[in-house]
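1. sequence and predicted structure, then a few things I'm wondering about:
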Amino acid sequence: MTTFWCEHAWLGDGPVAGVRVPVADGRMAAVQVADPEPDDDRLPGLVLPGFANAHSHAFHRALRGRTHDAGGTFWTWRERMYGVAARLDPDRYLALARATYAEMVLAGATCVGEFHYLHHPAGGGRYADVNAMSEALIQAAADAGIRLTLLDACYLAGGLDGDGHLPLSDVQARFSDGDADAWAARVALLPERPGLRIGAAVHSVRAVPADQLATIGRAAEGRPLHVHLSEQPAENEACEACYGCTPTRLLADRGLLGPDTTAVHATHLTGDDISALGSTRTAVCACPSTEADLADGMGVFRPLRDAGSPLCLGSDQHVQTDLLAEARQLEERDRLITRVRGRFRPAELVDALTVAGHRALGWPDAGRIAPGQRADLVAVRLDSPRTAGSAPDQLVMTAGAADVHTVVVDGRIVVSGGQHVLGDVGRLLATAIEPLWEDA
Ligand SMILES: [Zn+2]
């Protein structure tokens, strides 16, 4: 049995000094306020529960620092993203996702929700193993030492306008299984394994016709179901023109909202949308750095939380991989909108990073430092140039990924002294990303 001793540990909704956490079989056997024993593994600073990165597209990491030259919009950014998507195969995706997930663990993530729609070969067709791209992601997460919820996304149409759904473009062909039944049959071939949950996703109402939604809902029963929702006003306008309602109302009327569902972004909502999400306890995943990068607009997260929606966080397109910064932006953006400080207490931000994120990814046994929970621990330095002088209970408002010292996932030390067990993660990223642009 390994025992960790935490200088400070986040228990419940705040820090406690001097906490011993014996770990057996990847779980916390006990949590004790006590002095360290000689053989304890000492964790410096504030030890938080593991973070859940609830929304990731691993391949978007290749776009970091590659899309800022010509301005543009979400839609022109998407064209570049499609260019990268067309150049990925299972081997290249394994290398890219492994490095991307390793960077996430360096930032304190112990679990990732991968919203995956890059299913088939470029141009269409099928790999010999129809889930070869999914298996690449599963292998990547195992290599990087992070738990994975693979949110296998149904993606069937090229867009939506007032007349209905558009055909897939050439680059989108590899995203589609043809219909929701074929999607469900393929996903059913993926077995869960230790550290792996298989969840489902509706890419968006743009990419999935309404008559396919019930099939997806049935297939997802008892599993996490995620959906991109109202990220851009154009989605709302097209949905209104085609169906005469908002995307949220469309999902609600098809029975897709509820506590196992997570709406990603949920940026442009009506009052009725907020009520529909909150009253069904549908979770909402904010991705603040992505929403800022893509000029999406600012979501209304405090009203969503007050209406009943748990809030979690994702680094989405990985314009940065810093979950503490994502959490902080939840509060900072609300301050800018309302001109009021303290819209989210630090404990609420930690909850979004930990408990709510793990719940949204189907891991109710993770996200807290408590007996019986998975042994996910993130030690954040209190003595760095960024954090020195901060009170531990407010550290989430000052610390960043660079301050993460140690990360323990299911009892295994994956990051120690700021170093990942895979070694130089910057080099892994460069090796995976540069060939994708050499071919461009
Ligand atoms: Zn996304």
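-> That came through fine. Residues are numbered from 1 along each chain as shown.
2. residues near the residue nearest to Thr398 when sequence neighbours are not counted, how many?
-> What sits nearest to Thr398 in space, not counting adjacent residues and going by Cβ to Cβ, 6 or more residues apart in numbering, is Ser390, at 4.6 Å. Where you see a C-beta, it was placed from the backbone N, CA and C, and this is true even at glycine. For Ser390, the neighbour count with other Cβ atoms under 10 Å is 20.
3. list the residues that contact Ser390.
-> Ser390 makes contacts with 382, 397-399, as judged by Cβ atoms under 8 Å, 6 or more residues apart in numbering.
4. show me how far the helix or strand that contains Gly18 is from its chain's centre.
-> Gly18 is located in strand 14-24, with elements delineated by DSSP states H and E. Mean-position distance between strand 14-24 and its chain equals 26 Å (Cα atoms, centre = their mean, to the nearest Å).
5. isn't Gly411 right up against Asp25?
-> Yes. Gly411 lies in contact with Asp25 (Cβ atoms under 8 Å); the separation is 7.3 Å.
6. looking at those two, which one has more neighbours?
-> Gly411 (19 against 9).
7. any idea of the pLDDT on the more buried one?
-> With respect to pLDDT, Gly411 scores 98.
8. now do it against Gly26, distance only.
-> 4 Å (Cβ to Cβ, to the nearest Å).
9. what sits in contact with each of those two?
-> Common neighbours of Gly411 and Gly26 (Cβ under 8 Å, 6+ apart) are 374-375.
10. burial measure for Ala185, as a count.
-> Neighbours around Ala185, by other Cβ under 10 Å: 13.
11. who touches it in this structure?
-> Ala185 neighbours (Cβ under 8 Å, 6+ apart): none.
12. surely the residue nearest to Thr398 is in a strand?
-> No. Remark: Ser390 does not belong to a strand; assigned using DSSP: H, G, I helix; E, B strand; the rest coil, it is coil.
13. okay, Gly195 and Val319: tell me how far apart.
-> Gly195 sits 27 Å away from Val319, taking Cβ to Cβ as the criterion.
14. same deal with Cys6?
-> 32 Å.
15. among the two, which residue is more densely surrounded?
-> A count of neighbours by other Cβ under 10 Å puts Cys6 above the other of Cys6 and Val319, at 29 against 21.
16. now the more buried one, nearest residue through space, not along the chain?
-> Val47 (3.9 Å).
17. hang on, that neighbour packs against Ile369?
-> Yes. Using Cβ under 8 Å, Val47 is in contact with Ile369, at 7.2 Å.
18. give the contact list for Leu63.
-> Counting by Cβ under 8 Å, 6+ apart, Leu63 has contacts 77, 80-81, 84, 317.
19. at 6 Å instead, please
-> For Leu63, the residues meeting the contact criterion (Cβ atoms under 6 Å, 6 or more residues apart in numbering) are Met81.
20. quick check, pLDDT for it.
-> Looking at Leu63, its pLDDT reads 92.
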